[in-house]
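# I would like to see how this sequence folds:
(one chain, ligands or ions: 3)
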Amino acid sequence: MHLSEITHPNQLHGLSIRQLQQIARQIRDKHLQTVAASGGHLGPGLGVVELTLALYQTLDLDHDKVIWDVGHQAYPHKLITGRYSRFHTLRQKDGVAGYLKRCENKFDHFGAGHASTSISAALGMALARDLKGEKFKVVAVIGDGALTGGMALEAINHAGHLPKTNLLVVLNDNEMSISPNVGAISRHLNKMRLSPPVQFLSDNLEEQVKQIPFVGDSLETELERFKEGMKRLAVPKVGAVFEELGITYMGPVDGHNLEELIATFKQAHKIAGPVLVHVATVKGKGYAIAEQDQVGYHAQSPFNLTTGKAIPSSKPKPPGYSKVFAHALVKLAENNPKIVGITAAMATGTGLDKLQAKLPQQYIDVGIAEQHAVTLAAGLACEGMRPVVAIYSTFLQRGYDQIVHDVCIQNLPVFFCMDRAGIVGADGPTHQGMYDIAYLRCLPNLVLMAPKDESELQRMVVTGVNHTDGPIAMRYPRGNGYGVPLMEEGWEPVEIGKGETLRHGDDVLLLGFGSTVYPAMQVAEILSEHGIQATVVNARFAKPLDTELILPLAQRIGRVVTLEEGCLMGGFGSAVAEALLDADVVVPVKRFGVPDVLVDHASPDQSKAELSLTSPQIAQEVLKAFFNKTLSSVS
Ligand SMILES: Cc1ncc(C[n+]2csc(CCOP(=O)(O)OP(=O)(O)O)c2C)c(N)n1
Ligand SMILES: CC(=O)[C@@H](O)[C@H](O)COP(=O)(O)O
Ligand SMILES: [Mg+2]
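Ligands and ions are numbered 1, 2, ... in the order given. Have a look, this model is predicted:
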């Protein structure tokens, strides 16, 4: 049977090891070809090919449910659940999603994208099953990185408390998060990986003992006790961590040995209550380049399969915002030992790996633990340090109460640097940096700023580091800057709460915030071609808003347009509208941003066009709404 013929995982039933190995090869080929062609996650999925096939061969996917943590590793799952023929559309507009999505496929039982959710969701489904008196297996597949997330441990704690709730947790341990995994749990897991697998006394021994006349039954009970005792002795010390929590531990199992995996999963399915099977895998398995550079091949843009090298873009790109941020932070940290950069397992994505390399003593990676990262920073701030928490906008949502409760209420000087703020593209709805303006603007004591370009980003890093009166947050987009001149050092901070006027015109006031400032200038240019002159303001701050600058302009010009790359509800435009209302400046306001919708996976430009957020589209809307004019053609 060829992979392309598999549309239901139950088609794996009865296949021989040899046939499964053939399918594994075909999965790896398809996986590699697709990611090489259009980018995506590589190492994670290559590492779970055998795990997926073995697990699914032991389940009945017409009834049983498998929940994948994060979902970035679930490309093999997608390839055997009916998406082979469309897999080339991976992470592209209207194509196959990069993570699981309930609305995409009936075998995607739970969507994710953010880590550490699978055990909670699986346990919820198991409890529902039992309440409804239904019978199906529930399996959570979680990586060693995701297991460092607080909610995964909350779920483990709960599962261990429910000895009658059948649940299988498959721990995919490849010793890697995106970077090498960190923390005591990871260290424990590594010890487990090195310990001999636990060999259970074979079950049919009990059957044989039971046949012994007269004494068989009582002997069987004794044998059970003996076996449990032996298991305790045999389970590696560190494996007892789970056993002591009431979770039967099995493993470590070679995650690329189909026979061993199938036998172990079959055994695990027979054990009542919560069970954890510890599977040792290699991230990037089967593609030597990815095995040798597991960090670099966690995810890849289109690359040459033979060389592994990224396909060079047609023209040289300006530096990425993450790189500019990291350069500025390292420069400042070299002269300020109080600066401590904190990442939640995203060292390469945020650029903090540069700080780690240069000033390791001023660098902390807490694992996938955003809540802990925020309150750890609060603790550091209490002791006079200058914590800089570099967490993507979307992942910072995970630590929201900690921002409120531990940082803002105590007015502690923590500097939040939110990369990937705005529309991120291929990662889709779970990763869009949509909500940070709304979720931060409402918090007392917090300052919220956004640079118009990479040069102003450098200045705002200085502003943030120097702001010790309380918490401050800076948002900036995924991707590259504009190629504006950059200074090596000696950046002038921007003044808190002060914006700047970039262009003057009496017909309409355009207020841009961060990544929408240059687009606002483009809108002004288009309006000018239609005889409309705009004032353009770079607001720089959503909180505190520069009302001294904005209110008199709004009053005088009489028409206000706000532009933001984030949700409209509660966003920057709302801040302006509230300020106008509170100051009794009664003028028409048009807000441009993301309406109450989820932004699906596509290129950022495609998403902006779909949301009518391109500069020509905005100009068209402004002309129509305020001047009863239309653009000759909107591109
Ligand atoms: C809450 C959250 N923080 C950060 C991330 C970014 N992220 C995606 S995958 C990953 C590493 C996951 O490691 P692991 O669970 O071990 O899976 P592996 O990639 O090793 O297969 C991280 C940190 C995320 N998806 N969710
Ligand atoms: C799976 C996950 O959450 C990360 O790997 C994410 O895809 C990284 O996004 P960037 O590519 O924007 O760093
Ligand atoms: Mg891992």
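# any idea how far the residue nearest the centre of the chain is from ligand 3?
Note on the chain: the residue nearest the mean C-alpha position is residue 114, at 4.4 Å, using C-alpha atoms, centre = their mean. Using C-beta to the ion, to the nearest Å, we find residue 114 at a distance of 15 Å from ligand 3. Any C-beta I mention is one placed from the backbone N, CA and C, and that applies to glycine too.
# in what helix or strand does that residue lie?
In the assignment (DSSP states H and E), residue 114 maps to no helix and no strand.
# Count the neighbours of the residue nearest to it when sequence neighbours are not counted for me.
In space, and not counting its chain neighbours, residue 114 is closest to residue 430: 5.9 Å by C-beta to C-beta, 6 or more residues apart in numbering. Look at residue 430: counted by other C-beta atoms under 10 Å, it has 20 neighbours.
# check contacts around residue 430.
Neighbour list for residue 430: 99, 111-114, 394 [criterion: C-beta atoms under 8 Å, 6 or more residues apart in numbering].
# ok but it is inside a strand, no?
No. Secondary structure of residue 430 (DSSP: H, G, I helix; E, B strand; the rest coil): coil, not part of a strand.
# So what does the residue nearest to the centre of the chain have for phi and psi?
Dihedral pair for residue 114: phi -90, psi 150, per degrees, to the nearest 10.
# which parts of stretch 434-448 are buried?
The neighbour-count check on stretch 434-448 (16 or more other C-beta atoms under 10 Å) flags 434-441, 443, 445-448 as buried.
# can you give me the end-to-end distance of that stretch?
15 Å (C-alpha to C-alpha, to the nearest Å).
# Point out the residues in the stretch 401-550 of the chain that sit beside ligand 2.
Neighbours of ligand 2 within the stretch 401-550 of the chain, by C-beta under 6 Å from any ligand atom: 420, 424, 427, 478.
# again, only using 5 Å
Where the stretch 401-550 of the chain comes near ligand 2, counting by C-beta under 5 Å from any ligand atom, the residues are residue 427.
# Strands along the stretch 401-550 of the chain, start to end?
Counting by DSSP state E, counting those that start in this stretch, the stretch 401-550 of the chain has these strands, from start to end: 415-418, 447-449, 472-475, 500-503, 508-512, 534-538, 541-543.
# Turn those strands into JSON lines, columns for distance to residue 54 and mean pLDDT.
Below are the strands of the stretch 401-550 of the chain laid out as JSON lines (distance: least, C-beta to C-beta, whole Å; pLDDT from 0 to 100):
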{"stretch": "strand 415-418", "distance to residue 54": "40", "mean pLDDT": "99"}
{"stretch": "strand 447-449", "distance to residue 54": "48", "mean pLDDT": "99"}
{"stretch": "strand 472-475", "distance to residue 54": "43", "mean pLDDT": "99"}
{"stretch": "strand 500-503", "distance to residue 54": "60", "mean pLDDT": "98"}
{"stretch": "strand 508-512", "distance to residue 54": "53", "mean pLDDT": "99"}
{"stretch": "strand 534-538", "distance to residue 54": "56", "mean pLDDT": "99"}
{"stretch": "strand 541-543", "distance to residue 54": "50", "mean pLDDT": "98"}
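# Could you measure from the residue nearest to residue 114 over to residue 420?
Note on residue 430: its distance to residue 420, by C-beta to C-beta, to the nearest Å, is 12 Å.
# Need the residues touching each of the two.
residue 394.
# number of nearby residues for residue 555?
16.
# Oops, could you answer that again for residue 8 instead?
Residue 8: 15 neighbours (other C-beta under 10 Å).
# check contacts around it.
Listed by C-beta under 8 Å, 6+ apart, the contact partners of residue 8 are 61, 81-82.
# And the helices in the stretch 451-600 of the chain?
454-466, 517-529, 547-557, 572-582 (DSSP state H, counting those that start in this stretch).
# for the first one, packing partners?
Packed against helix 454-466, as judged by 3 or more C-beta pairs under 8 Å, 6 or more residues apart in numbering; DSSP states H and E, are the following elements: helix 321-334, strand 386-390, strand 415-418, strand 447-449, strand 472-475.
# Ligand 3: which of those is closest?
strand 386-390 (20.9 Å; C-beta to the ion).
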